[in-house]
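Chemist: only geometry, no sequence info:
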């Protein structure tokens, strides 16, 4: 049984336009994803595809004007707002994208120690700082005294000592040097080996390929494909969705062929398949309705033409 399940998740935001007219902008639609204990699921896709919003929905930290539907389950039980408030930071840990999550009034060593549940807090904090190449004096610093890379490493350290059963790492590696990137990815892998479920949200497919077991591809606020990591190779012939294949071919180390057009804005989503306006395989049937997610070749895909 997956430890974390997201079923048919949709997220919209209420906002007011000129004349105080209320509108609703839907940014995530019919999103499905699961993560099992001992697994790293990498979530990839362009900016604005809903990756970070998914993380915030799981942790229950969406803005107050957010409207959600669908079901999120943890350990087979629905993750209600009450459960989110109890489990966040304990069994569910987030490595946030923004360093602003650090408390500006608290020394960073003390912040990391508050996340330690079972071990000696001081020893655990100092060990993880050493692992991420943060010298002994850093624990006494305040966030404003840290460089961007040091602050990001502190956020990594906070999640890694938490003992959480689910770790959601939202773009954890930007701004880090290659040595620390390797260490961070190895730490995530170790967490999975020890039974943790890891969701790695990243733009960096190459990093994802080093540690992930499966890769979920997001486009315009929904999941278009979930594939075993070994299918991301060669010319992408084992991939299922046209967008996944195009994304793979667009990488510099592959064909370096750009994808024509751009991802639609939430207010301009097509009525049928969200990728149809950019897809070379699109037919009139693709414009009729949004395809459902279906099982195909040991993966999942949202495309009527995938074989």
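Modeler: Alright, I've got the coordinates. The structure presented is a predicted model; accordingly, all values stated were derived computationally and were not measured.
Chemist: and the nearest residue to residue 231 once chain neighbours are set aside, helix, strand or coil?
Modeler: Using Cβ to Cβ, 6 or more residues apart in numbering and skipping residues adjacent in sequence, the residue nearest residue 231 is residue 238, 3.9 Å away. Every C-beta, even on glycine, is put in place using the N, C-alpha and C of the backbone. When the structure is reduced to helix, strand and coil (DSSP: H, G, I helix; E, B strand; the rest coil), residue 238 reads as coil.
Chemist: where's residue 238 relative to residue 211, distance?
Modeler: With distances defined as Cβ to Cβ, to the nearest Å, the gap from residue 238 to residue 211 amounts to 19 Å.
Chemist: and for residue 66?
Modeler: When residue 66 is compared with residue 211 (using Cβ to Cβ), they lie 31 Å apart.
Chemist: higher neighbour count, the two?
Modeler: It is residue 211, of residue 66 and residue 211, that has more neighbours when counted by other Cβ atoms under 10 Å, with 19 against 16.
Chemist: who touches the more buried one in this structure?
Modeler: By Cβ atoms under 8 Å, 6 or more residues apart in numbering, the contact set of residue 211 is 40, 42, 185, 186, 188, 189, 192, 200.
Chemist: would you mark the buried spots in stretch 78-88?
Modeler: 79, 83, 84, 87, 88 (16 or more other Cβ atoms under 10 Å).
Chemist: ok, the nearest residue to residue 173 once chain neighbours are set aside to residue 27 distance?
Modeler: Counting by Cβ to Cβ, 6+ apart, the nearest residue to residue 173 once its immediate chain neighbours are dropped is residue 181, at 4.8 Å. In this structure, residue 181 and residue 27 are 29 Å apart, going by Cβ to Cβ.
Chemist: tally of neighbours for the closest residue to residue 267 other than its chain neighbours?
Modeler: Nearest residue to residue 267, sequence neighbours excluded (Cβ to Cβ, 6+ apart): residue 25, at 6.0 Å. Using other Cβ under 10 Å, residue 25 has 14 neighbouring residues.
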